[in-house]
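Q: Mind folding the following:
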Amino acid sequence: MFSWFANPHRFLTLSSWLAPVCYALGALLIAWGLWQGLWIVPKDEYQGGDIMRVMFLHVPAAWLAMASYMGMAMMSFIWFIWRHEVADIAAKAIAPLGATWTALCLATGSIWGKPTWGTWWQWDDARMMSVLFMFFLFLGYMALRAAMDTRQKAARAGAILAMVGAINVPLIKFSVDLFTSLHQDASVITVDGPKMAAVYLWPLLASGLGHSLLFAGLVMTLMRAEIWQRRAAQIRARLMAGD
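A: A predicted model of the protein is given here:
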C-alpha cells in the first residue's frame, strides 16, 4: 500500500488537494473545540476551576506530540528497510512539527500545573521528564541530520535515532502507572472506555482531530517543499554537468 504513495509524483498529485482540505477541516474543528472548551462547557472545580480549560489545548498537544514521534519512527523504519525516499522526506518533515507540538504540550502543562499543583515543573515527575526527553529527541534528530555531509548519511543516522528513541513513547503513556507522577490517570483512552463526561469529551476529541488534520496538512506542505527542492537540485546538477 505504501509503495503507491512512495512515488513522489503521486504524492504531489494527492497532496495538492488533500493538504488544503486538512487545513480547512482542522481549523474548523480546532475553532469549535476551543470555543466550546474555553467559553461554553462548565468549569470543573475538581480540576481547578477555569484553569482546567487549558486541557482543550494541552491534551491535543500531548496526543500529537506522541503520535508525531511514532510517525517519525515508522517513516524512518520504512526508509531503513525499503529505502523509500518519500518515507525519509516524511520523517524529516515531521521532526520540526513534532518538536513544536511537544513544546506546546510542555508550556501548557506548566500553565495548568502551577495553580493546580503549586509548581511550574517537577524534576522527579516521570511523565514530565519523559516528555522533555522526547522534545530533546526531536531536536537531536534535526541536529544529527544537519551535521551529516550527505543526504544518505543524514537519513540513516536520523532513522536509527528515531527508531531507538521510540521506546520513550510507551514510557510516556504508562509513566503515571509505573512511576510517581503528579498527573492523574488516563480518563479518555482506558480499557473501560472514556471516564470523562461527554460535555468535556466531545470538544476535546474535536480539538484533537482538528490538531491532527492541521498537523497532517503541515507535514504534506513541508514534504512538497522538500520534493521540489530535491528536484531543483537535480536540475541544477544536470545543468552544471552539461556545462
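
Q: and the most centrally placed residue in the chain, what element?
A: In the chain, the centroid-proximal residue (C-alpha atoms, centre = their mean) is residue 68; its distance is 3.1 Å. Here residue 68, judged by DSSP states H and E, is contained in helix 55-82.

Q: and the nearest residue to residue 50 once chain neighbours are set aside, what does it touch?
A: In space, and not counting its chain neighbours, residue 50 is closest to residue 43: 4.9 Å by C-beta to C-beta, 6 or more residues apart in numbering. For the C-beta atoms, the positions are set from N, CA and C on the backbone; glycine is no exception. Residues near residue 43 by C-beta atoms under 8 Å, 6 or more residues apart in numbering: 49-50, 52-53.

Q: These in helices, which ones?
A: Among the contacts of residue 43, none falls in helices (DSSP state H).

Q: of all these, which comes closest to residue 121?
A: Minimum separation from residue 121 among the contacts of residue 43 (C-beta to C-beta) is found for residue 52, which lies at 19.1 Å.

Q: wait, isn't that closest one in contact with residue 111?
A: No - counting by C-beta atoms under 8 Å, residue 52 stays clear of residue 111, with 11.4 Å between them.

Q: Who has more neighbours out of these two?
A: residue 52 (20 against 15; other C-beta atoms under 10 Å).

Q: Skipping adjacent residues, who's closest to that one in space?
A: Distance criterion C-beta to C-beta, 6+ apart; nearest residue to residue 52, sequence neighbours excluded, is residue 44 at 5.0 Å.

Q: Kindly report the same for residue 93.
A: In space, residue 93 comes closest to residue 222 once its chain neighbours are excluded; the distance is 3.7 Å by C-beta to C-beta, 6+ apart.

Q: now residue 28
A: Leaving aside its sequence neighbours, residue 28 sits nearest to residue 210 (C-beta to C-beta, 6+ apart; 7.2 Å).

Q: so which strand or helix has that neighbour?
A: Using DSSP H and E, residue 210 falls within helix 198-242.

Q: same for that helix, what does it pack against?
A: helix 8-35, helix 55-82, helix 85-117 (3 or more C-beta pairs under 8 Å, 6 or more residues apart in numbering; DSSP states H and E).

Q: For the second one, which helices and strands make contact with it?
A: Read that as helix 55-82. Going by 3+ C-beta pairs under 8 Å, 6+ apart, helix 55-82 lies up against helix 8-35, helix 85-117, helix 126-147, helix 151-165, helix 168-178, helix 198-242.

Q: Okay, the residue lying closest to residue 138 once chain neighbours are set aside and residue 234: tell me how far apart.
A: Once flanking residues are discounted, residue 138 sits nearest to residue 99: 3.7 Å by C-beta to C-beta, 6+ apart. Using C-beta to C-beta, to the nearest Å, one gets 29 Å for the distance from residue 99 to residue 234.

Q: Residue 107 now?
A: 40 Å.

Q: Those two: which is more packed in?
A: In this view residue 107 and residue 234 are compared by other C-beta under 10 Å, and residue 107 has more residues nearby, 14 against 10.

Q: Do you know the pLDDT at that one?
A: We note a pLDDT of 97 for residue 107 in this prediction.

Q: From residue 132, how far off is it?
A: In terms of C-beta to C-beta, residue 107 sits 12 Å off from residue 132.
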